[in-house]
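In: after the sequence you'll find the predicted model.
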There are 2 protein chains.
Amino acid sequence: MTSRQNRNHRDRADRGIPEATVARLPVYLRALTGLQERGVATVSSEELAAAAGVNSAKLRKDLSHLGSYGTRGVGYEVEYLVYQISRELGLTQDWVVAIIGVGNLGRALAGYGGFASRGFRVAGLLDADEAIVGQEISGMTVEHTDRLEDVIADHGVSIAVIATPAAAAQGVCDRVVAAGVTSVLNFAPVVLSVPEGVDVRKVDLSIELQILAFHEQRKAGGPGDYAPLASGDAPPGATQYVEAVEA
Amino acid sequence: MTSRQNRNHRDRADRGIPEATVARLPVYLRALTGLQERGVATVSSEELAAAAGVNSAKLRKDLSHLGSYGTRGVGYEVEYLVYQISRELGLTQDWVVAIIGVGNLGRALAGYGGFASRGFRVAGLLDADEAIVGQEISGMTVEHTDRLEDVIADHGVSIAVIATPAAAAQGVCDRVVAAGVTSVLNFAPVVLSVPEGVDVRKVDLSIELQILAFHEQRKAGGPGDYAPLASGDAPPGATQYVEAVEA
DNA sequence: GGCACTTTGTGCGCGTATTCACAAAGGCTT
DNA sequence: AAGCCTTTGTGAATACGCGCACAAAGTGCC
């Protein structure tokens, strides 16, 4: 995870592909396109697994969920596997994306090459700040969030990317959901609540760092190296263990 | 998650805190600081679980791994719990971070408020592009990657954030590891290989979108709606199922 | 054509994670 | 102080994911 927040599609009527497998398919796809560029025509599960950083048995089991696309004694045909995974992930069709919130992060996302190359078309950049509205970013003109519903309807947006400040995120989310969007990628540091049937995935930069910090601390000798209180014995309310507000 | 790539710390000598729990602690922390700002002094597992988007039994079990910090019949004292989680995650000490690659994403990261507020101090911005070196970003001057080892040593960097293009990532990674960094947060779309003892976490924007696309497709009626080939019957090598290179 | 070799696809056992459900514990009221 | 009510902490059941190890299947050499 990038830590995540998903309900639904636990239903396992998902045509049976486990969530853990779905999460790895994009990684395999990436490794495969890399091989493809290097002109490799065929790859064994062992090689592909190494390139993707997973166990080869796991790779084979994952692929077996899509059907049997390998040849025993030989391996998998790269090009064909690329197509099958792309199809399974729905990348053979175009997905229309709107990015709401054009701060530093929104700008980075707007210019991210990995979107267009995988069938994701950014159809709108929106922001609530008048100073930003009208700016040209990555060849697109930033529109005001007042026009959110129009943009979604006009371009047939099916995925919303929320890159607003935390305080604005839930409001924006409610609006895009009301406008018919059923998939949301959230970069704001809040837990969004959405109705049944809407998928939310969350990417949180600071959470990833915190997980790293935990392990880093472990390597250095566990928490409370010079901890002022014995575990569980601190006087509640004695000191201000504050944290600043985030952006 | 944000999809991830971790070996080690499976060792379970981790003082016993399960990895899955560690990944959720930052989420609880975020919810708690939100409550704290609103002046809430005490919270029940039910309320906190709702705010964090998890099951309340899971929350209680997670917290029980840190010790017994709740009061039966009452709940948890917000401030105290914030401190305990912060301590467990190692956020009571400062972590020095270097960001390598100052493109759109690197810039966004440099300006991200969520870092500083959680004890992460960005001590260096580095880039290989002469046109970027010397620029002032978020109050810091971008340095040339030639100085990578110096910056790491001088500031005592313990976490490296890699936001370079894919092609440069492994090289940068090797260098930071050689310079003594043992925690890496990777935004480049490649699988990094690192020696035993080094932690790598990966954040991949396009993977998250692809997972959303998968579920979105499911809602619309499964893959191959108008699929040109019956599953498993396509002539291998017949068409070019290409993908563009990513940025 | 048969045999040896390679590699897939998967059955199985194991450990981890999740959830339920309840007994133990503490507070509050009378 | 006794009993009721709330909420924690956790035992036990279930589900899930992972990886080993091997049989089945296909290739290519002789």
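Out: Structure received.
In: in chain A, which strand has the most residues?
Out: In chain A, taking DSSP state E as the definition, the longest strand is strand A:120-127.
In: touching chain B at all, it?
Out: Yes: applying C-beta under 8 Å from any C-beta of the partner chain, one finds strand A:120-127 in contact with chain B at A:Phe120. C-beta coordinates here come from the backbone N, C-alpha and C atoms, glycine included.
In: not counting its own residues, what contacts that strand?
Out: Residues from elsewhere that reach strand A:120-127, judged by C-beta atoms under 8 Å, 6 or more residues apart in numbering or on different chains: A:94-103, A:106, A:110, A:115-116, A:133, A:137-138, A:140-145, A:147-148, A:151-152, A:155-157, A:159, B:206, B:209, B:213.
In: A:Glu130: neighbour count?
Out: 8 (other C-beta atoms under 10 Å in any protein chain shown).
In: which SS state does it fall under?
Out: Following DSSP: H, G, I helix; E, B strand; the rest coil, A:Glu130 is assigned to coil.
In: measure it to A:Thr164 for me?
Out: Distance of A:Glu130 to A:Thr164, computed by C-beta to C-beta, to the nearest Å: 15 Å.
In: roughly how far apart are A:Gly114 and B:Gly90?
Out: Taken as C-beta to C-beta, the span from A:Gly114 to B:Gly90 is 31 Å.
In: same check, this time on A:Arg107
Out: 31 Å.
In: and the host helix or strand of A:Arg218, what's its mean pLDDT?
Out: Per DSSP states H and E: A:Arg218 is located in helix A:205-220. In this model, helix A:205-220 has a mean pLDDT of 93.
In: swap in stretch A:109-120?
Out: Stretch A:109-120 shows a mean pLDDT of 86.
In: what do you get for stretch A:79-92?
Out: The predicted model assigns stretch A:79-92 a mean pLDDT of 96.
In: these two touch, right, A:Gln217 and B:Leu91?
Out: No: using C-beta atoms under 8 Å as the test, A:Gln217 is too far from B:Leu91 to be in contact (9.1 Å).
In: the lengthiest helix in chain A vs DNA strand D: in contact?
Out: As assigned by DSSP state H, the longest helix anywhere in chain A is helix A:19-37. Yes: part of helix A:19-37 sits near DNA strand D under the criterion C-beta under 7 Å from any atom of the strand, namely A:19-21.
In: mind listing what's buried along stretch A:72-91?
Out: With burial defined by 16 or more other C-beta atoms under 10 Å in any protein chain shown, the residues of stretch A:72-91 counted as buried are A:75-91.
In: run through those and flag the ones next to chain B.
Out: Answer for the buried residues of stretch A:72-91 near chain B (C-beta under 8 Å from any C-beta): A:77, A:79-80, A:82-83, A:86-91.
In: reformat these as a markdown table; add distance to DNA strand D.
Out: Output for those, formatted as a markdown table (distance: C-beta to the nearest atom of the strand, whole Å):
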| residue | distance to DNA strand D |
| --- | --- |
| A:Glu77 | 11 |
| A:Glu79 | 17 |
| A:Tyr80 | 14 |
| A:Val82 | 20 |
| A:Tyr83 | 20 |
| A:Ser86 | 21 |
| A:Arg87 | 21 |
| A:Glu88 | 16 |
| A:Leu89 | 17 |
| A:Gly90 | 19 |
| A:Leu91 | 21 |
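In: tell me where chain A has helices.
Out: Counting by DSSP H, chain A has these helices, from start to end: A:19-37, A:45-52, A:56-64, A:78-89, A:104-110, A:113-116, A:148-155, A:166-178, A:205-220.
In: contact residues of chain A facing DNA strand D?
Out: Within chain A, the positions adjacent to DNA strand D are A:10, A:12, A:18-21, A:54-55, A:57-58, A:60-61, A:71-74 by C-beta under 7 Å from any atom of the strand.
In: quick one, which of those are buried?
Out: Using 16+ other C-beta under 10 Å as the burial test, the residues of chain A next to DNA strand D include A:19, A:21, A:54, A:60 as buried.
In: let me know whether the lowest-mean-pLDDT helix or strand in chain A sits next to chain B.
Out: For chain A, counting by mean pLDDT, DSSP states H and E, helix A:113-116 ranks last in confidence among helices and strands (a mean of 80). Yes: using C-beta under 8 Å from any C-beta, helix A:113-116 reaches chain B at A:113-116.
In: between the residues you listed, which sits nearest DNA strand D?
Out: Closest approach to DNA strand D among these (C-beta to the nearest atom of the strand): A:Gly114, at 23.3 Å.
In: what residues does chain A have near DNA strand C?
Out: Near DNA strand C, when you scan chain A using C-beta under 7 Å from any atom of the strand, you find A:43-46, A:56-57, A:60-61, A:63-64, A:68-76.
In: what sits against A:Ser193?
Out: For A:Ser193, the contacting residues are A:170, B:53, by C-beta under 8 Å, 6+ apart.
In: scratch that, A:Val181
Out: A:152, A:157-160, A:198.
In: for it, grab phi and psi.
Out: For A:Val181, the backbone dihedrals (degrees, to the nearest 10) come out as phi -70, psi 140.
In: so where's chain A shaky on pLDDT?
Out: Scanning chain A with the threshold set as pLDDT under 70 gives A:1-15, A:222-247.
In: could you redo the last one with a cut-off of 80?
Out: Applying pLDDT under 80 to chain A flags residues A:1-15, A:221-247.
In: I'd guessed A:Gln93 sits against A:Gly119; true?
Out: Yes: under the criterion of C-beta under 8 Å, A:Gln93 makes contact with A:Gly119 at 6.7 Å.
In: between those two, which is the more surrounded one?
Out: Neighbours per residue (other C-beta under 10 Å) separate A:Gln93 from A:Gly119, with A:Gly119 holding more: 18 against 15.
In: relative to DNA strand C, how far out is the more buried one?
Out: Noted for A:Gly119: a distance of 25 Å to DNA strand C, by C-beta to the nearest atom of the strand, to the nearest Å.
In: nearest residue to that residue in space, please, no chain neighbours.
Out: Spatial nearest neighbour of A:Gly119, excluding adjacent residues (C-beta to C-beta, 6 or more residues apart in numbering or on different chains): A:Leu91 at 4.6 Å.
In: quick one on the thing from earlier: with respect to B:Arg30, which of the residues of helix A:19-37 next to DNA strand D is nearest?
Out: Using C-beta to C-beta, A:Glu19 comes nearest to B:Arg30 of the residues of helix A:19-37 next to DNA strand D, at 23.3 Å.
In: okay, the closest one and A:Leu192: tell me how far apart.
Out: Per C-beta to C-beta, A:Glu19 is found 19 Å from A:Leu192.
In: try A:Ala128
Out: A:Ala128 is 17 Å from A:Leu192, by C-beta to C-beta.
In: same deal with A:Tyr112?
Out: 21 Å.
In: for A:Asn55, give me phi and psi.
Out: Torsion angles at A:Asn55 (phi, psi; degrees, to the nearest 10) stand at phi -70, psi 140.
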